[in-house]
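Colleague: next input, structure requested:
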Amino acid sequence: MNQPAPSLQAALAHAEVLHTRAEIEAVIADIGRRIDVELHGERAVFLTVMNGALMFAGHLALAIRTDLEFDYVHATRYRGETRGSELKWLREPVADLRGRSVLLVDDILDEGNTLKAVRDECLRRGARRVLIVSLCTKDHDRLVPGIHSDFNGIVLPDRYVFGFGMDYHEQGRNLPDIYALKAGNGD
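Modeller: Residues are numbered from 1 along each chain as shown. Model prediction:
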C-alpha cells in the first residue's frame, strides 16, 4: 500500500531559504544574456526537461532575445522519491535536431545521470552540439564523468533542495524561492 507523501508544510518548517525569487530572476537574466552571446543569432532548439525545469525554462525563455524553437522531453529517475533510480522516458524530443544547436534546459544538475542520457540521445539524433543550461548545480564530487553545465546560475550545497521547479515528494515546485532542508532533517 502506498504511504502518503511527507508533508510540505513540515518540510518548510525544517528548511531554510537559500535563494529568493528576486535573486533567482537576476541569475536567469544573466544566463539569458550569456546564451544570446553564445548563439550569436543562431535559432537553437530550446529543449526543456519536464517537470522540474518548467519554472526555470519559462523565465529563461523570456530572458533570451534570440529566436528559438521550443520542444520538451520528459525523462525521470526520481518519480517522487528523493534518490534517483533507473531512467524512464515519458516523452522524447519531436523537433528535428539534425545539425542544430540544442539548449538542454533543466532545473538542477545534481549527479547528471538524467541530463547525460538526454544529452546523449540528442547527439544520437544528430544535434551539432548540446549546451546544458541549469538553474542550479550541487557542490559535490558525485558528478557523472563527461557531464557539466555550459550555463549555470547557482551553486547549491549538497543538501535536499526544493522550490522554483524542484520538488519535495512531488510538492512545492511552485514555491517562488529555493529551499534546503536543514542538516539532520530528512532526506
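
Colleague: C-alpha only now, for contacts and for neighbours.
Modeller: Fine.

Colleague: contact partners of stretch 37-49?
Modeller: Surrounding stretch 37-49, the residues in contact under the criterion C-alpha atoms under 8 Å, 6 or more residues apart in numbering are 54, 57, 66-75, 93, 95, 97, 100-106.

Colleague: and the end-to-end length of that stretch?
Modeller: 23 Å (C-alpha to C-alpha, to the nearest Å).

Colleague: report the buried residues of that stretch.
Modeller: Within stretch 37-49, the residues that count as buried by 16 or more other C-alpha atoms under 10 Å are 44-49.

Colleague: just those: which are in strands?
Modeller: Those of these mapping onto strands are 45-49, per DSSP state E.

Colleague: output those residues as CSV; include the columns pLDDT and distance to Asp150.
Modeller: Formatted as CSV, those follow (pLDDT from 0 to 100; distance: C-alpha to C-alpha, whole Å):
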residue, pLDDT, distance to Asp150
Val45, 98, 15
Phe46, 98, 14
Leu47, 98, 14
Thr48, 97, 15
Val49, 94, 16
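
Colleague: between those, which is closest to Pro6?
Modeller: Closest approach to Pro6 among these (C-alpha to C-alpha): Val49, at 24.7 Å.

Colleague: just the helices in this structure please.
Modeller: 8-13, 21-39, 54-63, 113-124 (DSSP state H).

Colleague: check which helices and strands the first one is in contact with.
Modeller: To tie it back to what came earlier, the one meant is helix 8-13. Judged by 3 or more C-alpha pairs under 8 Å, 6 or more residues apart in numbering; DSSP states H and E, helix 8-13 is in contact with strand 178-181.
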